[in-house]
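J.: got a structure for you, letters missing:
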């Protein structure tokens, strides 16, 4: 039986495993303070007499319902190959005791160390443990590895980050993420206040629920209170000391995901056996991996575990340092089932043979070679000479400086910051945002140009405001004029020299800076152009500066875009179809829908973006139905950055014959010139009766943001 995913590499459901398995729906793991953590475990039936290594996934996403379907596709798979696969709800979530105190707090790591020690002591475990997870689970694996527990022999980290400040859903480049700061706080708040299942905790479930509601975390308050890179963010950021990780690491990401950058940084900076995989996927496991094509991910995980947990000499350490899918041009669209391109393999990262492509920004709007690098001339593409680009609709320019005034709606075409494989999430044609930006184009390429890595933009800028930001985009322009987003980045200009000690700009003064854009793997085709677009606004990804900004780009020879060139090499074809275990409840009704719409009120100039997502899951064998609804609304008026507003609604419920509950949250975020304001309302219902409701607000001064 094979689901129709419509990708070059398909998923097949495997049912012929080397080991027969058994499942424990709920097991209790005690902690030293008397709490119990809830676990679901799959293992070979004979593990009690023939112990096996364990693979741990440690996340706050409710093992019995929200992740049950996905868990069933991989954990039984690992068990079938001779592992005890253990899925644990972190403290204060799912069926585990306690209250969630925050994101990646130290006590969460402490609990994980106790879980590892407990696993080591079980008669069915050899004492060797691996960790796997995506998103929060990927963070957990990295953070726990940095604590160096003796039981942890290897990890697989997916869609995670090594730097919680520079590369997470709260801030990017020192810019507060209007698109995701409140959005993620609202989502995790709704998760944190859900009740445990009376099937496992008994009659005390309601008391546990009321405690979670009355002691709910202050996520948005805590995150907005730390607007610069301080100890709050350095905690849990393994980039602060890569040498703390002493076990092998397999790092995995997707170009459509928000967290792909960490894969390349981990490969570059870790000093342990390591490998990376980057596909075209969004924020999700590579199985089922959307957009496709997919990869034989679980087989590669088993090989990773076999090498480092069982000591099998299978040579995984001699494989590619990086397996990446280099994407080709595709007509810009909000959704793709599959991206065209090819898999490539790098023996080392950074690739020693890579040649950077350095291009200058010119006053006529052209982007052309200007500074030589050390790569052999034969390996560089031969760009045609620059041609003039008309700028009749742009502000007047001086002989050395070009200007762009912030358009508050710039960013509407960017798509969702962290796509999750649903519809209407990806970046649309960049044309409307390009009209709101300063753009620099190459002439049509006389041959394809392939890049893999981090683009880097070096600029000297001026600003007429003390607080300002800059956003930059690299795009692929087809001969027919469509503009495909390839990479982007943003920088709070008060953070130009330091994220720890930002400093206000001096108006009229030239400020040099460097922006590292998002990692990308892309092939620009013959006849296409490469475009650089620059703007002092990028709503809603970047919360706008308090006043409209007129940004100057000084074109003094040092303003350059460097693309991470890659020499042409044959594609990597040693990839099989992916495999998964039989999903829990295969064939049951399920739905995942997303829509995104933008509108502008011509009378007020108010730009409004609405994102709606709906999820429906049936939960065998309880007969329950899980529903989740979210609505995120981003609005801003042209010429008025202080009108920026984010509004997030969440509703989550479980309806089953013996148990019905519902959570509703409603959060809003606004600003003044001096502060950010957030209001959160939370209500809980048992059956249809409201059993809890509260509203809380906080105001936080702006700190050079």
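T.: Okay, I see it. As the structure is a prediction and not an experimental result, all values here were calculated from the model. Residues are numbered from 1 along each chain as shown.

J.: low-confidence ranges in the stretch 1-150 of the chain?
T.: 1-10 (pLDDT under 70).

J.: Show me where it has its strands.
T.: 11-13, 21-30, 36-44, 52-59, 84-89, 125-134 (DSSP state E, counting those that start in this stretch).

J.: Check which helices and strands the second one sits against.
T.: What it means is strand 21-30. Under the contact criterion of 3 or more Cβ pairs under 8 Å, 6 or more residues apart in numbering; DSSP states H and E, strand 21-30 touches strand 36-44, helix 68-80, helix 106-120. C-beta coordinates here come from the backbone N, C-alpha and C atoms, glycine included.

J.: Among these, which comes closest to residue 444?
T.: Counting by Cβ to Cβ, residue 444 lies closest to helix 68-80 out of the helices and strands packed on strand 21-30; the figure is 44.5 Å.

J.: I'd like the helices and strands packed on strand 21-30 written out as a markdown table, with mean neighbour count and distance to residue 576 added.
T.: Formatted as a markdown table, the helices and strands packed on strand 21-30 follow (neighbours: other Cβ atoms under 10 Å; distance: least, Cβ to Cβ, whole Å):
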| stretch | mean neighbour count | distance to residue 576 |
| --- | --- | --- |
| strand 36-44 | 24 | 23 |
| helix 68-80 | 23 | 14 |
| helix 106-120 | 20 | 30 |
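
J.: Which of the ones you listed sits closest to residue 615?
T.: helix 68-80 (10.7 Å).

J.: what comes into contact with the closest one?
T.: With contacts defined as Cβ atoms under 8 Å, 6 or more residues apart in numbering, helix 68-80 is touched by 14, 17-19, 21, 23, 40, 42-44, 55, 57, 63, 85, 87, 285, 287, 298, 301-302, 305, 579-585, 590, 617, 619.

J.: Let me have the helices and strands packed on strand 21-30 in a markdown table, adding distance to residue 654 as columns.
T.: Shown next, in a markdown table, are these (distance: least, Cβ to Cβ, whole Å):
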| stretch | distance to residue 654 |
| --- | --- |
| strand 36-44 | 16 |
| helix 68-80 | 12 |
| helix 106-120 | 24 |
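
J.: List buried residues within the contacts of helix 68-80.
T.: 14, 17, 19, 21, 40, 42-44, 55, 57, 63, 85, 87, 285, 287, 298, 301-302, 305, 579-581, 583-585, 617, 619 (16 or more other Cβ atoms under 10 Å).

J.: Could I get the full set of helices for the protein?
T.: With DSSP state H as the criterion, the chain has helices at 68-80, 106-120, 136-145, 181-192, 198-201, 205-214, 219-224, 231-234, 261-269, 297-309, 431-434.

J.: hmm, back to that, need the strands of the stretch 1-150 of the chain in JSON lines (columns: distance to residue 473).
T.: Shown next, in JSON lines, are those (distance: least, Cβ to Cβ, whole Å):
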{"stretch": "strand 11-13", "distance to residue 473": "33"}
{"stretch": "strand 21-30", "distance to residue 473": "47"}
{"stretch": "strand 36-44", "distance to residue 473": "43"}
{"stretch": "strand 52-59", "distance to residue 473": "33"}
{"stretch": "strand 84-89", "distance to residue 473": "39"}
{"stretch": "strand 125-134", "distance to residue 473": "27"}
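
J.: wait, which of the ones you listed is closest to residue 213?
T.: Between the strands of the stretch 1-150 of the chain, strand 84-89 lies closest to residue 213; by Cβ to Cβ that is 17.4 Å.

J.: centre of the chain versus that closest one, how much separation?
T.: In terms of Cα atoms, centre = their mean, to the nearest Å, the centre of strand 84-89 is found 23 Å from the chain centre.
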